[in-house]
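> here is my input; please provide its structure:
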Amino acid sequence: MANVFEVLTRDHAEVKQMLTELELGPTAATGADADQLALRKRMVQQLVIEVSKHEAVEEMYFWPAVRSHVTDGTDLANQAQGQEQEGKEVLAKLDKLAPEDDAFEVQLSQFIAAGRAHIAFEETTAWPSLRNNLTAAEADDLGRKLQVGKENAPTRPHLKTPASPGVLKTAGPAIAAADRLRDAATGRDE
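I've put the predicted structure just below:
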């Protein structure tokens, strides 16, 4: 099983690829046809799903590990979770917009910039600090928790759910189940 940094590296690579494809893809303003706009919407829905699952498991497992193993871990986690909350707010708006809306591209551009900045913060600031303070066994255990957690993580941003590991571990499975039912009913499957 992969360690925490391998799991997060894969997640980040997947999100960065999505951001690049969305950034370079045709838009309503550049003359995209209905099929291209429908694909763009599906790509954004997939982005929302993947980022929502990723952030949920980070809130449950990764940031608590940073808080407990890194000297300035609370400050790092607070800063990162503030960035994540802003990202959730943008994704929640974006998920409700049609790609024909001008606001769709504004929100998407905002998320792309913020998403890249957040990924860079994690990779260059949080990861090195945590890597220096975890044993190999702890890194492996944390990676396993992230992988398993993603299987039952929410697929939508939940702005009112506190970023508390206890709340997420308790309420998260029910929220995730409701998300998956809603996804299936609306055709927004993973």
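> middle-most residue in this protein, spatially?
The centroid of the chain falls nearest to residue 51 when counting by CA atoms, centre = their mean (2.2 Å).
> in what helix or strand does that one lie?
Assessed by DSSP states H and E, residue 51 sits inside helix 34-57.
> ok, residue 116 - contacts?
Contacts for residue 116 (CB atoms under 8 Å, 6 or more residues apart in numbering) come out as 16, 19. The C-beta positions use only the backbone N, C-alpha and C, and glycine is treated the same way.
> could you measure it against residue 25, distance?
Note on residue 116: its distance to residue 25, by CB to CB, to the nearest Å, is 16 Å.
> where does the protein dip in pLDDT?
156-190 (pLDDT under 70).
> is the residue of the chain most remote from its centre in a helix, a strand, or coil?
Here the chain reaches farthest from its C-alpha mean at residue 31, the gap being 29.4 Å by CA atoms, centre = their mean. Three-state assignment for residue 31 (DSSP: H, G, I helix; E, B strand; the rest coil): coil.
> in stretch 116-127, what's buried?
Neighbour-count burial for stretch 116-127 flags 116, 118, 119, 122, 126, 127 (criterion: 16 or more other CB atoms under 10 Å).
> need those residues in a markdown table (columns: distance to residue 64).
As requested, the buried residues of stretch 116-127 are arranged in a markdown table below (distance: CB to CB, whole Å):
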| residue | distance to residue 64 |
| --- | --- |
| 116 | 25 |
| 118 | 18 |
| 119 | 20 |
| 122 | 15 |
| 126 | 13 |
| 127 | 15 |
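> out of these, list just those in helices.
116, 118, 119, 127 (DSSP state H).
> of these, which is the nearest to residue 43?
Checking those against residue 43 by CB to CB gives residue 116 as the nearest, at 16.5 Å.
> need the contact list for residue 62.
Shown in contact with residue 62 (CB under 8 Å, 6+ apart): 4, 8, 142, 146.
> what do you get for residue 144?
By CB under 8 Å, 6+ apart, the contact set of residue 144 is residue 1.
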